[in-house]
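Chemist: Any chance you could fold what I've pasted below:
(chains A, B, C and D)
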Number of protein chains: 2
Amino acid sequence: MLNEFDIFKDFLHHLNLRWTPQRKLILEVFLQLEGHIPIEDLHKRVHQQDPTIGIATLYRTMKLLVDAGLADVHTFNEKTTYERLYKVRHHDHLICTNCGKMVEFEHPLIEKYQLDVCERHDFTLKSHRMELFGTCRECQK
Amino acid sequence: MLNEFDIFKDFLHHLNLRWTPQRKLILEVFLQLEGHIPIEDLHKRVHQQDPTIGIATLYRTMKLLVDAGLADVHTFNEKTTYERLYKVRHHDHLICTNCGKMVEFEHPLIEKYQLDVCERHDFTLKSHRMELFGTCRECQK
DNA sequence: ATCCTTATTGATAACGAATATCAATATAGT
DNA sequence: ACTATATTGATATTCGTTATCAATAAGGAT
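Modeler: You can find the predicted model right below:
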């Protein structure tokens, strides 16, 4: 099975774009992180490895990764985050609104019905975000 | 049953904030519109009714409406939209990551399984947010 | 009604994330 | 190695949103 680097190389090649050390490093850093990654985190890590890489290149490369299907971009609360799309298992969150505790879960049937909804509206599902807000057992007392 | 104006007045009073003609007008305009309303649409309408109201007041008031539970805010592709929250049936969102189109839906079974998940983790469900990201039919071509 | 404290307003400066510009450089096919 | 052109980093620019601030208004107390 192809890994992310091969996929990105192929993607670039098909569009007559080029495989560069900068793009390689940014992809490496991106793959090392998990969850919803803010652009500033990526920048910090990339900068540690190679301080000469400019912020514009980071933005440009992340856009390419999204186009290549390797990343998904989310904008919540004026903050842009990226998350891996390829070969990763998605999970949802149960969040206690009192103490902030987060529990991760997944529910196959919910995922299934999500696909139904998308089909009904002629959408191709790429990712989703579901957050349940409530109070955990400790905070109910 | 309380209407939105009473709720907003109560909310303001509890926080020692004040009921002003500007806030009244912005709420009126907001309630007349439907769906996901961009801030620029609100500004246009508000400006028609009273050209002296500044953009800052609009932003400030919309923030208050969100805090008061009367509006929900969405930020997608650098664009902020508001939608009514009170006396409106709950629904989830299907969002095209390419063109930003939003489709509202509800699925009783998904709601049901959410409750199952909460029960299993000893949470009391209070609210939730689910957003499905994908590409709509037009953007798939 | 009038007074008085303090929230609110509008104009505008400031901010910040994302993008455009551009000359210098690197890539990859020949 | 050569050449066409994609890419880069620095930086200017854009534009939505927020902060600042002096003038004004709201609303409780008298």
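Chemist: Spell out which residues of chain A are next to chain B.
Modeler: The interface of chain A toward chain B, taken as CB under 8 Å from any CB of the partner chain, is made up of A:72-78, A:94, A:96-97, A:103, A:105, A:107, A:109-110, A:113-114, A:116-118, A:120-137, A:140. C-beta: built from backbone N, CA, C; applies to glycine.
Chemist: Can you check the pLDDT for the residue positioned nearest the centre of chain A?
Modeler: Closest residue to the average C-alpha location of chain A: residue A:83 at 0.8 Å, with CA atoms, centre = their mean. Here, the pLDDT recorded for residue A:83 equals 87.
Chemist: That one against residue A:127, yeah?
Modeler: Yes. Between residue A:83 and residue A:127 there is a contact under CB atoms under 8 Å: 7.1 Å.
Chemist: Quick check: neighbours shared by the two?
Modeler: In terms of CB atoms under 8 Å, 6 or more residues apart in numbering or on different chains, residue A:83 and residue A:127 are both contacted by the residues residue A:72.
Chemist: host element of the residue nearest to the centre of chain A?
Modeler: Using DSSP states H and E, residue A:83 sits in strand A:79-84.
Chemist: Quick one: list the elements packing against that strand.
Modeler: helix A:21-32, strand A:37-38, helix A:39-49, helix A:55-67, strand A:71-76 (3 or more CB pairs under 8 Å, 6 or more residues apart in numbering or on different chains; DSSP states H and E).
Chemist: in the third one, what counts as buried?
Modeler: If I follow you right, that is helix A:39-49. For helix A:39-49, the neighbour count (16 or more other CB atoms under 10 Å in any protein chain shown) marks A:39, A:42-43, A:45-46 as buried.
Chemist: Check the residues you listed and tell me the two furthest apart.
Modeler: A:39 and A:45 (11.0 Å; CB to CB).
Chemist: any weak-confidence spans in chain A?
Modeler: A:75-78, A:100 (pLDDT under 70).
Chemist: Could you pick out the longest strand of it?
Modeler: The strand spanning the most residues in chain A, taking DSSP state E as the definition, is strand A:124-135.
Chemist: Name the surrounding residues that touch the following helix or strand past that one.
Modeler: Next helix or strand after strand A:124-135 toward the C-terminus (DSSP H and E): helix A:137-140. Residues outside helix A:137-140 that contact it (CB under 8 Å, 6+ apart) are A:96, A:98-99, B:122-124.
Chemist: How about stretch A:108-116?
Modeler: Defining contact as CB under 8 Å, 6+ apart, one finds that stretch A:108-116 is touched by A:90, A:92, A:125, A:128, A:130, B:107, B:109-110, B:113-114, B:117, B:132.
Chemist: can you put these in a markdown table and add neighbour count and distance to DNA strand D?
Modeler: Listed next are the contacts of stretch A:108-116 as a markdown table, based on neighbours: other CB atoms under 10 Å in any protein chain shown; distance: CB to the nearest atom of the strand, whole Å:
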| residue | neighbour count | distance to DNA strand D |
| --- | --- | --- |
| A:90 | 13 | 28 |
| A:92 | 20 | 27 |
| A:125 | 16 | 26 |
| A:128 | 23 | 23 |
| A:130 | 24 | 24 |
| B:107 | 17 | 29 |
| B:109 | 12 | 34 |
| B:110 | 22 | 29 |
| B:113 | 18 | 34 |
| B:114 | 20 | 30 |
| B:117 | 19 | 32 |
| B:132 | 22 | 22 |
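Chemist: Between all of those residues, which two are at the greatest distance?
Modeler: Using CB to CB, the two most remote members of the contacts of stretch A:108-116 are A:125 and B:117, lying 19.7 Å apart.
Chemist: Not counting stretch A:15-27 itself, show me its contacts.
Modeler: Contacts for stretch A:15-27 (CB under 8 Å, 6+ apart): A:4-5, A:8-9, A:11-13, A:42, A:46, A:49-50, A:53, A:57-58, A:61-62, A:64-65, A:70.
Chemist: Against DNA strand D, how distant is the closest residue to residue A:82 other than its chain neighbours?
Modeler: Spatial nearest neighbour of residue A:82, excluding adjacent residues (CB to CB, 6 or more residues apart in numbering or on different chains): residue A:71 at 4.7 Å. Using CB to the nearest atom of the strand, to the nearest Å, one gets 16 Å for the distance from residue A:71 to DNA strand D.
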